[in-house]
Structures are given as structure tokens and as C-alpha cells.
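**Student:** Prediction below, plus the sequence it came from.
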Amino acid sequence: MAGFDDLASERSKAQFDVEEMKVIWAGSRHTLEVSDRISRLVANDPVFRKDTRTMLSRKDLFKNTLRKAAHAWKRIIELRLSEEEAAELRFYVDEPAFMDLHWGMFIPTIKGQGTEEQQQKWLPLAYKMKIIGCYAQTELGHGSNVQGLETTATFDPQTDEFIIHSPTLTSSKWWPGGLGKVSTHAVVYGRLIIDSKDYGVNGFIVQLRSLDDHLPLPGITIGDIGMKFGSGAYNTMDNGVLRFDHVRIPRDQMLMRVSQVTREGKLVQSNVPWQLVYGTMVYVRQKIVSDASCALSRAVCIATRYSAVRRQFGLQSNGIETQVIDYKTQQSRLFPLLASAYAFRFVGEWLKWLYMDVNQRLQASDFSTLPEAHACTAGLKSLTTSATADGIEECRKLCGGHGYLCSSGLPELFAVYIPACTYEGDNIVLLLQVARFLIKTVSQLGSGKEPVGTTVYMGRVEQLMQCHCAVQKGFLELSADLVQAAVAHCQLIVVSKFIEKLQQDIPGKGVKGQLEALCNIYALFILHKHLGDFLSTGCITPKQASLANAQLRSLYSQVRPNAIALVDAFNYTDHYLSSVLGRYDGNVYPKLYEEAWKDPLNDSVVPDGYQEYIQPILKQQLRNARL
Ligand SMILES: CCCCC/C=C\C/C=C\C/C=C\CC/C=C/C(=O)SCCNC(=O)CCNC(=O)[C@H](O)C(C)(C)COP(=O)(O)OP(=O)(O)OC[C@H]1O[C@@H](n2cnc3c(N)ncnc32)[C@H](O)[C@@H]1OP(=O)(O)O
Ligand SMILES: Cc1cc2nc3c(=O)[nH]c(=O)nc-3n(C[C@H](O)[C@H](O)[C@H](O)COP(=O)(O)OP(=O)(O)OC[C@H]3O[C@@H](n4cnc5c(N)ncnc54)[C@H](O)[C@@H]3O)c2cc1C
């Protein structure tokens with residue numbers, strides 16, 4: 001069988017220990033065991049089938065998502081899964097749903113911004129799913145500009161309550177996931193008003209729906225904001241709209257780790273930086289970076305396996321056409337994405353460590369690394385999601401026409417993934433935050449602070465900053481050029497963390513050699529892509545540039561025999577890939593043909609509508625022809 005033999009032959013060429021690479025990709029043997037076991041548990045459960053998603057109406061699609069979420073929760077309880085195993089299960093169910101926001105934002109917000117007392121009250125309810133929460137920050141009129149939010153939370157000393165209100169149409173909460181139809185509660189971000197004075201944005205826990213009949217509580221108008229990009233995709237999520245008409249909540253439902261409001265209505269600032277109000281965004285941004293490596297590796301796995309199965313032109317001596325993976329143009333498009341997937345995996349591991357380290361320091365009232373954590377999570381979220389969205393689209397194109405079929409898995413993956421460039425912070429707005437951080441850092445150089453990083457990449461950032469810093473002042477005047485410096489800074493971090501990864505103990509025959517090749521491909525690909533920066537800033541000479549290019553092409557030849565094994569190391573099930581082109585067995589053509597007939601349009605040989613619309617045309621033509 002063509003495809004199967006092709007992949008079997010490819011696997012026999014591997015020059016490294018794939019099982020050890022699986023451990024490297026997973027992060028540890030333990031994590032590999034958990035993800036392998038849970039991904040197969042999900043793959044073998046018919047409730048979690050994904051192949052009908054694009055054919056369901058919005059209401060049926062959503063109801064099916066609720067069914068899956070309920071079944072997932074049931075399995076978590078039945079199997080007594082740990083928090084880690086439960087998170088893996090939600091990941092491999094692979095369907096955006098309210099659970100993501102309940103576990104991924106609502107709970108972390110209470111943990112990060114609630115007092116001990118508030119955590120003791122609300123977390124048990126949330127962990128047991130006695131309440132379902134969402135994160136309601138963005139409004140119709142403001143998303144990026146958090147300080148521009150209009151929802152008000154006015155303290156009433158008579159009743160010891162906050163009055164939550166939507167004063168304008170643009171203050172309507174708009175976009176929060178899980179809000180539209182499911183969440184019973186929300187963390188609502190609004191302007192704290194005490195005695196007519198505006199103290200800025202804070203988080204408030206607000207109940208939205210009755211726990212008895214799920215109806216909205218008095219003063220609450222709530223619903224879904226409507227269909228989004230694509231047919232299946234993110235339409236499994238009830239992104240919602242929410243308006244308040246003077247809704248009253250107890251004073252102790254303002255999240256008070258950062259600042260407190262006393263019974264007398266006095267605002268007391270605690271010793272933690274006010275930016276902790278933004279803490280959930282930092283948490284999710286660092287998770288989004290590892291999420292990017294998953295999404296990109298998924299697309300690369302599909303495109304690599306299909307590129308080894310697909311043959312086109314180039315009849316060889318044995319009369320067989322050439323595998324498209326052997327074309328240099330295919331390699332120059334595909335292998336940098338393969339290298340990027342590994343690079344984002346490792347920088348995501350580092351970012352997770354940085355986030356944990358910042359949190360530990362916060363416990364000890366050490367806020368020194370908070371600015372760097374913000375800049376790194378913001379910048380790397382921006383860099384990796386933009387590259388991943390573009391990379392998924394490139395993988396679709398690498399698969400030719402069949403990449404455009406839903407059965408390839410790529411259109412759906414693209415449609416679900418691309419909002420990552422916007423949610424959790426618009427990518428440009430986040431790069432401007434990095435630019436601000438760089439301006440401040442450059443201004444501190446020489447005072448005992450010295451830049452660190454790989455020479456050529458470091459030089460590029462320094463030069464770009466010198467060129468643009470002289471003219472820049474405030475946030476709004478930041479030029480597009482500074483965004484360029486911010487991207488350069490983030491790419492420096494990615495390369496540096498890949499190099500640091502290689503300095504760790506890496507067991508397994510040939511594993512380190514393959515990772516070194518991928519690290520060099522990523523570094524040289526970025527250098528090639530931004531050659532103008534490196535040349536214009538004098539970081540490299542034209543001669544060095546052409547040597548780098550030649551080295552890049554030779555690295556592609558080094559990776560070529562290992563490409564299939566490198567994507568096998570992601571250890572994805574066919575269920576998770578959900579792609580006829582990316583099947584482990586390479587049995588593409590028979591499965592493509594089989595999938596086609598499942599389309600409802602093929603339920604009848606003559607399509608509905610023929611008699612009403614087509615036959616009259618043909619008959620009329622026939623009559624005309626006889627005249
Ligand atoms: C679903 C989750 C599951 C778990 C995760 C798993 C995987 C993830 C995969 C998918 C996720 C799925 C769904 C996601 C759902 C989406 C949710 C959302 O989108 S929530 C809403 C997100 N909104 C934003 O990100 C808004 C972006 N805007 C901002 O952050 C701020 O407005 C901005 C741009 C930073 C400006 O802040 P502002 O206070 O107005 O002004 P300044 O720029 O002057 O900043 C003042 C100082 O504060 C520092 N700062 C800013 N932000 C932070 C921060 N986050 N942490 C620490 N410090 C911060 C800033 O550097 C300034 O400091 P200096 O004065 O320069 O010292
Ligand atoms: C699928 C999805 C899920 C979401 N889930 C949630 C959720 O659960 N909870 C929640 O609270 N929110 C959620 N959001 C909202 C999301 O956080 C916002 O859309 C995001 O923060 C961007 O803000 P915005 O939409 O106001 O875009 P805007 O900021 O209006 O951006 C529009 C354009 O203006 C540019 N721009 C804006 N400001 C500047 C500036 N200062 N300088 C230069 N250019 C600028 C941007 O780069 C962009 O090109 C979700 C959004 C999506 C798409």
C-alpha cells in the first residue's frame with residue numbers, strides 16, 4: 001500500500017531514538033506517560049468523535065459540545081483523574097468550550113487576585129463545578145485598553161454592597177468565553193467608584209444566573225454574540241454579551257488581594273503591585289505559548305507525513321514519481337516550521353518556569369522580575385501565535401488541494417487557532433508593551449546592567465533599539481520600527497532558550513544531534529527572514545549572509561531522512577490530528593475517497609433542488625435547441 005510503505009520506509013531511515021525524543025517533546029517520562037494514556041482514552045471514546053463538527057447547525061454543534069463537556073467531567077470523576085490528567089483530557093477533547101475558561105481563567109483569577117478568605121469560599125465551589133465561571137473583562141467598546149473599561153462598581157456604604165452597572169452600550173461585556181449560555185458566575189472587571197471618585201479597574205465576582213433554573217438574575221441581560229469565523233471552529237464556544245442594570249453584590253465579592261475596600265468605604269492598597277490585577281493575562285499568555293507549539297506541531301505533523309506520501313512529477317529510474325518532501329522548495333517551507341514547533345516548545349517550558357518563579361517571588365514580596373515576566377509573556381505570546389497562525393496556513397498550502405478539504409484537519413485547525421493572535425492581548429499591542437520594556441531597559445544599560453544573549457541576535461536588538469530610541473517618547477508615539485525591535489528581542493529569547501535546552505543532559509542515540517540541527521535551522525531561518533535587519537545593523541557581512549544561507553540548505557538535507565521520525569515524536573493520535581492526510585499509517589487516498597461519500601450531499605444521487613431549479617433550465621434549453 002503506497003502511503004503505508006512510504007511512511008514505513010521513512011521511519012526506517014531515522015538516525016535517532018524516537019522514543020527518547022518523545023520524552024524530550026513531552027518534557028518528562030511522567031508527562032509522556034500521562035499524555036499518551038489520556039490521549040488514547042479520549043481517542044477510544046466515541047462520545048469524543050470530532051468528524052461531524054463541520055456538518056452540524058450552531059445549536060446542534062453547541063449542544064454536542066455540552067454533551068462532550070458533561071461526559072468529560074463524568075469521566076474525570078469516575079476515573080478520579082488528577083488535575084494534571086483532567087487538564088490533559090480537556091486538551092485532547094480538543095474543542096473550545098466553557099470548561100477552558102472556567103479552569104483556565106476563572107479559577108486562576110480567584111487564586112491570583114482573591115484573598116485567602118475569598119479563595120477558601122469560592123475555589124471549592126469552582127473545583128467541584130458547583131458554579132461555572134468565566135472571565136468578563138472585554139467590552140463592546142474596549143478590549144486592548146483595559147483602563148478604558150466603562151462598567152462601574154459603585155460602593156454603597158448604606159448596604160455594604162457594590163452596584164455593578166453598564167452605563168453605556170459600549171460598556172456591555174462582549175466576547176467572554178462561556179458567558180453567552182453556560183456560566184453561572186463571572187469575574188467582572190469594572191471601575192471601582194467610592195464616594196464619586198474613580199479608583200480604576202478591579203475584579204468583582206458576580207453571579208449571573210440562578211443555580212436552580214439557570215435563568216439570568218434580575219438586572220442581568222445576557223446572550224451569545226453570534227457566529228464566528230468558520231463553521232465548526234470556535235462556534236463550539238458561547239462567547240457572550242452581558243449588561244448590568246444596577247446589580248448589587250456584597251462588598252466581599254470584590255477581589256481584594258491587590259486593594260481592599262473597608263466597611264467604611266476606605267480604599268486600602270496592599271503591598272503588592274497594582275498590576276497583579278492583570279495577573280491572569282500573564283498566566284494565560286504563558287500557557288498560550290506552549291499551546292502554540294502544540295498547534296504548530298499538529299499542522300507540521302500533517303504536512304510532513306503527507307509530503308512523504310504525496311508523489312508528483314520527477315519519474316525515477318524505478319518508474320515511481322518523486323515524493324514532494326524531496327523537493328528543496330517543499331523543504332525550505334516545511335522544515336523551518338518543524339524547527340519552530342520545537343523552538344516554541346522549549347521557550348514555552350522556560351516561560352512556564354519564569355511564571356512560577358515570579359509567583360514564588362511575589363509570595364516573598366519580591367516584585368523585581370514582574371516587569372520582565374510581563375514583557376516576556378506578552379512578547380512571546382505575540383511572536384509564537386503569529387508564527388503559528390501563519391505556519392498552519394503554510395501547512396495547508398504545502399498539502400495542495402487536499403489541504404483545503406475539511407478531512408485534512410487543516411482548515412478547522414486554522415479557524416480554531418487564529419483568534420490566538422487577538423485574544424489575551426492583540427499581538428501588536430503586546431509588542432508595544434515589549435518595546436516599552438526595551439526602552440526602559442536600554443535606558444538602564446551601563447548602570448551595572450548588561451545585555452545577554454547570542455551575539456548576532458543581541459547585536460540586532462541593540463542596533464534596532466539605538467536607531468529608534470532616540471526619537472521615541474510615550475506609549476502612543478511608539479513607532480512601527482520599535483515593534484520590529486520587540487520582535488527581534490523575542491526571537492533572541494527563543495534562540496537563546498533553544499541553545500540553553502541543548503546544554504542540558506539529552507539522552508538517546510542521535511537525539512541531541514537532531515535538536516542541534518533544528519536549533520540551527522530556526523536561528524538561520526530567522527536570520528534569513530530578517531536579513532535586512534542583520535545587514536543594515538552591521539551584525540553580519542554579506543559574505544556571512546550567503547554562508548548562512550548555504551548552511552541552512554545543508555541542514556535541510558540533514559533533517560530530511562529524520563523528518564517523519566521528528567513528527568512521530570509528537571506522539572499524536574490520529575484522533576487528535578483528525579486528519580486523513582496526517583494518518584500514522586499514511587493510508588491517504590483510500591481514506592480521502594471514503595470520507596468524501598460521508599458528506600450529506602452524497603445522501604442522494606440527484607441533489608435536492610434539481611427538480612425545482614435545474615431541470616427547468618435544462619428543459620428550456622432542450623426546447624430552445626429544437627426550435
Ligand atoms: C482558555 C484558557 C485555558 C488555559 C490556557 C490554555 C491554553 C490557552 C489557549 C487558549 C486560550 C483560550 C481562550 C482565551 C480566552 C481569551 C481571554 C481574553 O482575551 S481575556 C482579555 C484579554 N485582554 C487583554 O489582554 C487586554 C490587553 N491590554 C492590556 O493588557 C493593558 O491594557 C495594556 C495594553 C498592558 C496597557 O495597560 P495600561 O495599564 O493601560 O497601561 P500601561 O501600558 O501604561 O501599563 C502600566 C504599567 O503596568 C505594566 N503592565 C501592564 N500590563 C502588565 C501585566 N500584565 N503584568 C505586569 N505589569 C504590567 C506596564 O509595563 C507599565 O509598567 P511601567 O509603568 O512601564 O513600569
Ligand atoms: C475568540 C475570542 C475569545 C475571547 N475571549 C475573551 C474572554 O474570555 N474574556 C475577555 O475578557 N475577552 C475575550 N476576548 C476579547 C479579546 O481579549 C480582545 O478582542 C482583545 O484583547 C483585543 O482587543 P479589541 O478586540 O478591543 O481590539 P482593539 O484593541 O480594538 O484592536 C483593533 C486594532 O487596533 C490596534 N490597536 C489598538 N490599540 C493600539 C495602540 N495603542 N497602538 C497601536 N495599535 C493599536 C490593534 O493592533 C488592532 O489592529 C476574546 C476574543 C476572541 C476573538
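**Tutor:** Looks like it came in fine. Numbering: from 1, shown residues only. Ligands and ions are numbered 1, 2, ... in the order given.
**Student:** Name the residues of stretch 547-563 that come out as buried.
**Tutor:** A548, L552, L555, Y556, Q558, V559, R560, N562, A563 (16 or more other Cβ atoms under 10 Å). Using the backbone N, CA and C atoms, a C-beta is placed for each residue, glycine as well.
**Student:** The strand or helix carrying the fourth one: what's the following helix or strand?
**Tutor:** Secondary structure from DSSP states H and E places Y556 in helix 542-559. Proceeding N to C from helix 542-559, the next assigned helix or strand is helix 563-568, under DSSP H and E.
**Student:** circling back: closest to ligand 1 among the buried residues of stretch 547-563?
**Tutor:** A563 (27.3 Å; Cβ to the nearest ligand atom).
**Student:** pretty sure that closest one contacts Q330?
**Tutor:** No. Assessed by Cβ atoms under 8 Å, A563 is found out of contact with Q330, at 10.4 Å.
**Student:** joint contacts of these two?
**Tutor:** Shared contacts of A563 and Q330, defined by Cβ atoms under 8 Å, 6 or more residues apart in numbering, comprise S307.
**Student:** what's the burial count for the closest residue to E117 other than its chain neighbours?
**Tutor:** Distance criterion Cβ to Cβ, 6 or more residues apart in numbering; nearest residue to E117, sequence neighbours excluded, is D252 at 7.7 Å. The tally of other residues near D252 (other Cβ atoms under 10 Å) stands at 17.
**Student:** related to what we said a few turns ago, for S12, state which of the buried residues of stretch 547-563 is nearest.
**Tutor:** The nearest member of these to S12, counting by Cβ to Cβ, is N562 at 11.5 Å.
**Student:** Pretty sure the closest one sits against E10.
**Tutor:** No. The pair N562 / E10 is not scored as a contact, 9.0 Å apart, by Cβ under 8 Å.
**Student:** I figured the residue nearest to E117 hits Q118, correct?
**Tutor:** Yes. With contacts counted by Cβ under 8 Å, D252 reaches Q118, the gap being 7.0 Å.
**Student:** looking at this protein, which helix or strand is least sure?
**Tutor:** helix 455-469 (a mean of 77; mean pLDDT, DSSP states H and E).
**Student:** what packs against the helix holding Y556?
**Tutor:** Packing partners of helix 542-559 (3 or more Cβ pairs under 8 Å, 6 or more residues apart in numbering; DSSP states H and E): helix 328-363, helix 511-529, helix 531-536.
**Student:** could I get those as JSON lines with distance to H185?
**Tutor:** Formatted as JSON lines, these follow (distance: least, Cβ to Cβ, whole Å):
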{"stretch": "helix 328-363", "distance to H185": "24"}
{"stretch": "helix 511-529", "distance to H185": "43"}
{"stretch": "helix 531-536", "distance to H185": "48"}
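**Student:** Compare those helices and say which comes out lowest on pLDDT.
**Tutor:** Among the helices and strands packed on helix 542-559, helix 531-536 carries the lowest mean pLDDT, at a mean of 91.
**Student:** who touches it?
**Tutor:** Under Cβ under 8 Å, 6+ apart, the answer for helix 531-536 is V456, R460, L464, Q484, A488, L527, C539, I540, T541, P542, A545.
**Student:** For those residues, which single residue is the most surrounded?
**Tutor:** Of the contacts of helix 531-536, with other Cβ under 10 Å as the count, R460 tops at 29 neighbours.
**Student:** That residue touches C539, doesn't it?
**Tutor:** Yes. R460 is in contact with C539 according to Cβ under 8 Å; the separation is 5.1 Å.
**Student:** burial measure for the residue of the stretch 251-400 of the chain found nearest ligand 2, as a count.
**Tutor:** Closest approach between the stretch 251-400 of the chain and ligand 2, counting by Cβ to the nearest ligand atom: M281, at 8.6 Å. M281: 22 surrounding residues under other Cβ under 10 Å.
**Student:** Who are the contact partners of it?
**Tutor:** E424, G425.
**Student:** A299 contacts L338, doesn't it?
**Tutor:** No. The pair A299 / L338 is not scored as a contact, 10.2 Å apart, by Cβ under 8 Å.
**Student:** more neighbours, these two?
**Tutor:** A299 (30 against 25).
**Student:** Helix or strand: which one has the more buried one?
**Tutor:** helix 279-309.
**Student:** Quick one: distance of that helix to the chain centre.
**Tutor:** Taking Cα atoms, centre = their mean, to the nearest Å, one finds helix 279-309 lying 7 Å from the centre of the chain it belongs to.
**Student:** helix, strand or coil for K497?
**Tutor:** helix (DSSP: H, G, I helix; E, B strand; the rest coil).
**Student:** So it is in contact with G348, correct?
**Tutor:** No. The pair K497 / G348 is not scored as a contact, 9.1 Å apart, by Cβ under 8 Å.
**Student:** quick one on the thing from earlier: just send the helices and strands packed on helix 542-559 back as a markdown table, with distance to ligand 1 too.
**Tutor:** Formatted as a markdown table, the helices and strands packed on helix 542-559 follow (distance: least, Cβ to the nearest ligand atom, whole Å):
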| stretch | distance to ligand 1 |
| --- | --- |
| helix 328-363 | 9 |
| helix 511-529 | 23 |
| helix 531-536 | 25 |
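**Student:** re the thing from before, now the contacts of helix 531-536 in CSV, with distance to I107?
**Tutor:** Below are these laid out as CSV (distance: Cβ to Cβ, whole Å):
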residue, distance to I107
V456, 43
R460, 40
L464, 40
Q484, 37
A488, 36
L527, 42
C539, 45
I540, 47
T541, 53
P542, 54
A545, 49
